[in-house]
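[1] Here you go, sequence then predicted model.
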Amino acid sequence: MTSVIGAGAFGTALAISLGRAGTVTLWARDADQVAAMVQARENAARLPGIAFPDALALSDDATALPEGPVLLAVPMQKLRDALRDLPDFGTRPLVACCKGIELTTGQSPTQVIAEMRPDAPAAILTGPSFAQDIARGLPTALTLACADETTGKALQQSLTTPNIRVYRTTDVPGAEIGGAVKNVMAIACGAAIGAGLGDSARAALMTRGYAEMQRMALALGAQADTLAGLSGFGDLALTCTSDLSRNFRFGLSIGRGEAFDPSVTVEGAATARALQARARKMQIDMPITDAVVGLIDGNLDVGRAMALLLSRPLKEE
């Protein structure tokens, strides 16, 4: 039986999909939230109107979760704290369902898991997906990256549902960097659209952002084919072109000069700073990432950022 830690929109959506295929437990820290979901049989705050399947159980007691894989559907910057607070799950596989790089350490999701829970096999579930689509039963394809092939195969079987097709890879660095960088590029694309720079500018940012993704990932030993797949190009295409993306909407607000709701988690903001620090340490050129950090910190406006990008030395593609 699979358990999902975190009753935000994405964790709830995964639990709903898994519950339609088998038995699953969704855990939330807040007992009042759990009680409300038990009574309503839906997550009215995050996914209103989407009923829970009968096989979806709810709990606020992490010590009572059943044996089986544990999906960690918590924001990247809160993953370490969650693992510190949660009970020991022994050798059960822990699957990160977040995308990004930890700001304080520069670690990826599976690296945080490996440090905090060294006895547990670590994996990451990533790829182009929105919670609403998954919860509504719409077809979605994801990548399951796990260094241990045997564990990866077992997770692939247990996490595939009628509407989620799971592909498998052992290239964990490639899958993680793809998911991290695409959020930063979504902020850049949102800012360009918000400032009225047009779809041609967005296409250019996506393309050159993909090049930044490749430079970082390949330097970390990733495989080029992984970046061309769901966790790289696929997720980049979705996140940079849809208003459902929180990172894209955050960029839109920057481009329009509007305030953004501080209660909304924007993984790409912290990841941009973490990526910039890592790139500088590794001497990797990532100009769009640098521009996004400047936009977030208020040191650049969109016009100046684009001018800097367009004035870079001419070269072959």
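    Nice, I can see it.
[2] From here on, just use CA atoms for contacts and neighbour counts.
    Noted.
[3] do you know how far R168 is from E149?
    Using CA to CA, to the nearest Å, R168 is found at 9 Å from E149.
[4] My error: substitute L309 in the last question.
    41 Å.
[5] So which of R168 and E149 has more stuff around it?
    Neighbours per residue (other CA atoms under 10 Å) separate R168 from E149, with R168 holding more: 17 against 13.
[6] and that one, what pLDDT?
    The model reports R168 with a pLDDT of 98.
[7] next one: G255
    The model's pLDDT for G255 equals 97.
[8] which other residues reach stretch 282-300?
    Outside of stretch 282-300, the residues that reach it under the criterion CA atoms under 8 Å, 6 or more residues apart in numbering are 184-185, 187-188, 205, 208-209, 212, 215-216, 254, 269, 272-273, 275-276, 279, 301-302, 305, 309.
[9] what's the answer for stretch 115-127, then?
    Contacts of stretch 115-127 (CA under 8 Å, 6+ apart): 80, 83-84, 89-99, 109-110, 113-114, 141-148, 151-152, 172, 175-176, 179, 230-232, 234-235.
[10] Using PyMOL, make a named selection holding only the buried ones among those residues.
    Buried residues within the contacts of stretch 115-127, by 16 or more other CA atoms under 10 Å, are selected in PyMOL with:
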select buried, resi 80+83+89+93+94+95+96+97+98+99+109+110+113+114+141+142+143+144+145+146+147+152+172+175+176+179+230+231+232+234+235
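[11] Quick check: D88 is in a strand.
    No - D88: not assigned to a strand; according to DSSP: H, G, I helix; E, B strand; the rest coil it is coil.
[12] what's the burial count for it?
    D88, neighbours per other CA under 10 Å, totals 14.
[13] measure the residue most central in space within the chain to V181 for me?
    Centroid-nearest residue in the chain: K99, 2.9 Å away (criterion: CA atoms, centre = their mean). Separation of K99 from V181 (CA to CA) stands at 9 Å.
[14] contacts for the strand or helix carrying A145?
    Secondary structure assigned from DSSP states H and E places A145 in strand 140-146. Applying CA under 8 Å, 6+ apart, the contact partners of strand 140-146 are 122-129, 133-134, 152, 155-156, 163-172, 175, 230-231.
[15] Buried ones among those residues?
    Judged by 16+ other CA under 10 Å, buried ones among those: 122-129, 134, 152, 155-156, 163-164, 166-172, 175, 230-231.
[16] Pull the distance from the helix or strand bottoming out on mean pLDDT in the chain to the chain's centre.
    Least confident helix or strand, the chain: helix 302-310 with a mean of 92, by mean pLDDT, DSSP states H and E. Relative to its parent chain, helix 302-310 has a centroid offset of 27 Å by CA atoms, centre = their mean, to the nearest Å.
[17] tell me what that helix is packed against?
    Judged by 3 or more CA pairs under 8 Å, 6 or more residues apart in numbering; DSSP states H and E, the packing partners of helix 302-310 are helix 287-297.
[18] from the middle of its chain, how far away would the helix it packs on be?
    19 Å.
[19] and it with helix 302-310, angle?
    160 degrees (axes from the mean of the first three to the mean of the last three CA atoms, to 10 degrees).
[20] Would you mark the buried spots in helix 287-297?
    Buried residues in helix 287-297, counted by 16+ other CA under 10 Å: 287-296.
[21] right, and the pair among those residues with maximum separation?
    Greatest spacing in the buried residues of helix 287-297, by CA to CA: P287 and I296 (14.3 Å).
[22] Now A123: phi and psi?
    Per-residue torsions, A123: phi -150, psi 170 (degrees, to the nearest 10).
[23] sorry, that was for R168
    Main-chain dihedrals, R168, degrees, to the nearest 10: phi -120, psi 140.
[24] so what's it bridging to?
    R168 has these beta-bridge partners by DSSP bridges: L144.
[25] Check whether it really touches Q157, as I assumed.
    No - here R168 does not reach Q157: they are 9.9 Å apart, not a contact under CA atoms under 8 Å.
[26] Would it be right to say that A57 lies in a helix?
    No - secondary structure of A57 (three-state DSSP): strand, not part of a helix.
[27] What pLDDT does the model give it?
    The score at A57 is 98. That number is its pLDDT.
[28] Please apply the same query to the one 10 residues further on.
    Looking at E67, its pLDDT reads 95.
[29] Apart from its chain neighbours, what residue comes closest to it?
    M1 (6.3 Å; CA to CA, 6 or more residues apart in numbering).
[30] Number of residues surrounding the one you found?
    Neighbour count for M1, taken as other CA under 10 Å: 14.
[31] how about the strands in the stretch 101-250 of the chain?
    122-126, 140-146, 164-169 (DSSP state E, counting those that start in this stretch).
[32] Now distance to A192 too, for the ones you listed, in CSV please.
    Below are the strands of the stretch 101-250 of the chain laid out as CSV (distance: least, CA to CA, whole Å):
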stretch, distance to A192
strand 122-126, 26
strand 140-146, 28
strand 164-169, 32
